[in-house]
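**Student:** Attaching a predicted model along with its sequence, questions to come.
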Amino acid sequence: MTKIKSLADLKLKKEECEKRLNLREKSNEPEKFIRVKVGMATSGIASGAKVVMDYLIEELDKRGIDALVTQTGDMGYCYAEPTIEVKRPGEDPIVFGYVDTKKADEIIEKYLKNGELVEGIIPVNYESIDE
Amino acid sequence: MAQQIKMHLLVCGGMGCRASESDSIQANLENELRLHGLENESKVVATGCFGYCEKGPIVKVHPDNTFYVQVKPGDAKEIVEEHVIKGRKVERLLYTDPKNKENVSDSKHIGFYRKQIRIALRNCGIIDPENIDEYLARDGYQALGKVLSEMTPENAIKIIKDSGLRGRGGGGFPTGLKWEITRKSVSEKKYVVCNADEGDPGAFMDRSVLEGDPHVVLEAMAICGFAIGADAGLIYIRAEYPLAIHRLKIAIQQAREYGLLGNDVFGTGFNFDVELRYGAGAFVCGEETALIHSMEGSRGEPTFKPPFPSVEGYLGKPTNVNNVETFANIPPIINKGSRWFAAIGTERSKGTKVFALAGKINNVGLIEVPMGTTLREVIFEIGGGIKDGKKFKAVQTGGPSGGCLTEKHLDIPIEYDTLIAAGSMMGSGGMIVMDEDDCMVSVAKYYLDFTVEESCGKCSPCRIGNKRLHEILETITKGEGTMEDLSKLKNLSNVIKDTSLCGLGQTSPNPVLSTMDNFWDEYISHVVDKKCTSGVCKSLMCYVVIPDNCVGCTACARNCPVNCISGERKQVHYIDQSTCIKCGTCLDKCKFNAIEIV
């Protein structure tokens, strides 16, 4: 792996990483690319996030939906674990709580495919320092 | 394929809004949509708590983010006919900015959502913690690059000092000052230590940061290393956090591969690397001298300060110990400047604090609020209030070293100094909420259970004193306490506070003292009336038969596991108190409400 040897290097690398993360959104077929993040901290895993993540990866593949499923840390909504965040291209991300495989199925069929929201949404209630 | 849904009406389904008929609002909206034949284009969805219970019920329109407050079931028609059909916002239901009296429609501009600002948690739940590229994409290691390429160690320390950042592990010592003292200690070898020995019951802030954003700690430790003149970093983490350890190991590996840890970082000649040290999960090892001894392979026992670790720490070398959350604040401060950070919070407590909300609260979880936020805002707005609509009784902050605060303290701003003045402390950020069903004497006993278990045994006030405190509390909860016990409890508490060697003993009587201060009447009712009003202390409860209600069905007697209930069929039964184990089976089994607890 190439080492980052200076601040200028790091800035280039940041741009590259940022681009790679956004690549899917800005591709030629933006409607196809969806990002799903699964809250995989201890509290999430203890509530079954791992099963949900495996299910999502497998099912999205089976159903031919081109989505990127990644893990992430604790979103803070421990009362509603497992939690997942779904970002459809060009839209604000939506967080769903209490996601088991049944709920995941509903989210894939309704929200991922058609943009139809389902119950279990957790409204974002904080301000980010990055905007 | 089903018709595309174009608009969603999100109705808050949180406890507070449910109580104000949000389910009728939902039903009415659905009905109106059907009446207008819109059910295939627009959809009503119940959501989790918006956290804005004060202005509930909330209806939010997606995707245009219109935020309606204090909606009544009767408003459904207007929302559908005006907003959904004609695309006109219903002005009278919009949120009004209290300052300029203007209607705000987009929820992103409502002041309420500034109640939580995420600095330490900014990447938690956003990035993949096992992929350094995602951290880099969000300005990762920029602060380190900036410090190494553009600053002197003194500049970096000055920024941290000017920001007003204070230690987030509980003590609240100014971080910049700690760095400066360690910098000034002369030695050819120095260490940066990250204290990840999170031990307060109910606290999981540090674990979440390490699991969700491990690189931020590595980056901050390297910045600290540059500032104080250290080339080695150690993270002391409890072995009970396997996932955090796993992710830290990956992060260290990735940072080394990119050359962000190791020799000649950014080509500046600066060397820094990080290693992990595992703790066995002793609470006292959160105390910095005990932590250092544990890392050295000795018993995890504290030693007298001075010398402070900044002068003589790990292996006798100057060592700077900071907590995980403190470190998580460092890169944003470097990137955005001390002024930016100092503008958040209050005069004496800057920035934000992460809290782990637990106990009898609806939205159990992690929150991050600016210093100066009130307990009321945290519990009733962000936390969504008390479970099952029960009455708030107390909130415990600061873990076993803190105290219980009550109704009258709800409006004090959360700051290091105000919490201490109120008889508790900031602590590392555990916040346990209690309702009317909690017995405060038992709560104090619970914390003493913990400190007795966790006392290292080195000094006698803590080792013996806490044990005696626990015994007295045990006596009181059994109904055998006297008024003399109460005065002993208080005196002994003060002696332990004054004479213990380290922070553990000096603070362990706090839960006792604060519950005695705030809930004296509960102690009195345990001691004088021999009653536990919350019905928690089993020894003080009696299950008795209400003769007027008892029909003599024998259900209680047949199910009693110790056969202490006697009585003939169709006659009033009797519970023998001397053999009753207070299991509550009779109460559950009785269909005639003929058993009560007195």
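**Tutor:** That came through, no problem.
**Student:** Report the closest residue of chain B relative to chain A.
**Tutor:** Among the residues of chain B, residue B:212 lies closest to chain A, at 1.8 Å counting by C-beta to the nearest C-beta. Glycine gets a C-beta too; all of them are placed from N, C-alpha and C.
**Student:** Contact partners for that residue?
**Tutor:** A:41, A:72, A:73, A:74, B:121, B:123, B:124, B:125, B:127, B:129 (C-beta atoms under 8 Å, 6 or more residues apart in numbering or on different chains).
**Student:** Can you point out the buried residues in whichever strand or helix holds residue B:442?
**Tutor:** Element membership for residue B:442, per DSSP states H and E: helix B:440-454. Buried residues in helix B:440-454, counted by 16 or more other C-beta atoms under 10 Å in any protein chain shown: B:440-452, B:454.
**Student:** try stretch A:37-46
**Tutor:** Going by neighbour count (16+ other C-beta under 10 Å), the buried part of stretch A:37-46 is A:37, A:38, A:39, A:40, A:41, A:42, A:43, A:44, A:45.
**Student:** ok, for the residue in chain A that chain B sits nearest to, nearest residue in space, not its chain neighbours?
**Tutor:** Proximity of chain A to chain B (C-beta to the nearest C-beta) peaks at residue A:73, 1.8 Å away. Take residue A:73 and drop its neighbours on the chain: the residue closest to it by C-beta to C-beta, 6 or more residues apart in numbering or on different chains is residue B:212, 1.8 Å away.
**Student:** So what's the residue count around residue B:232?
**Tutor:** Using other C-beta atoms under 10 Å in any protein chain shown, residue B:232 has 19 other residues around it.
**Student:** wouldn't it be in contact with residue B:194 here?
**Tutor:** No: the criterion here is C-beta atoms under 8 Å, and residue B:232 misses it with residue B:194 at 11.9 Å.
**Student:** Mind listing the shared neighbours of these two?
**Tutor:** Overlap of the contact sets of residue B:232 and residue B:194 (by C-beta under 8 Å, 6+ apart) is empty.
**Student:** give me every residue that touches residue B:226.
**Tutor:** Contacts for residue B:226 (C-beta under 8 Å, 6+ apart) come out as B:144, B:147, B:148, B:153, B:156, B:270, B:272.
**Student:** now with 6 Å?
**Tutor:** B:147, B:153, B:270 (C-beta atoms under 6 Å, 6 or more residues apart in numbering or on different chains).
**Student:** So the first one lies in a strand, does it not?
**Tutor:** What it means is residue B:147. No: per DSSP: H, G, I helix; E, B strand; the rest coil, residue B:147 lies outside any strand segment and is helix.
**Student:** What's the local residue count around the residue of chain A closest to chain B?
**Tutor:** Applying other C-beta under 10 Å, we find 31 residues neighbouring residue A:73.
**Student:** what number of residues lie near residue B:579?
**Tutor:** For residue B:579, using other C-beta under 10 Å, the count is 11.
**Student:** same deal with the one 5 residues further on?
**Tutor:** For residue B:584, the tally of surrounding residues (other C-beta under 10 Å) stands at 13.
**Student:** Who wins on neighbours among the contacts of residue B:212?
**Tutor:** Ranking the contacts of residue B:212 using other C-beta under 10 Å puts residue B:129 first, with 33 neighbours.
**Student:** so where's the chain shaky on pLDDT?
**Tutor:** Picking chain A for this. Scanning chain A for pLDDT under 70 picks out A:1, A:22-32, A:130-131.
**Student:** Can you look at chain B instead?
**Tutor:** Checking chain B against pLDDT under 70 turns up B:1-3, B:51, B:98-100, B:105-114.
**Student:** In it, which residue is most central in space?
**Tutor:** Central residue of chain B (C-alpha atoms, centre = their mean): residue B:356, 2.0 Å from the mean position.
**Student:** surely that residue meets residue B:205?
**Tutor:** Yes: if you go by C-beta atoms under 6 Å, residue B:356 and residue B:205 touch, sitting 5.4 Å apart.
**Student:** Need the overlap of contacts for the two.
**Tutor:** By C-beta under 6 Å, 6+ apart, residue B:356 and residue B:205 have these common neighbours: residue B:429.
**Student:** quick one on the thing from earlier: sort out which one of the contacts of residue B:212 lies nearest residue A:59 for me.
**Tutor:** Within the contacts of residue B:212, the smallest distance to residue A:59 is 19.2 Å, found for residue A:72 (C-beta to C-beta).
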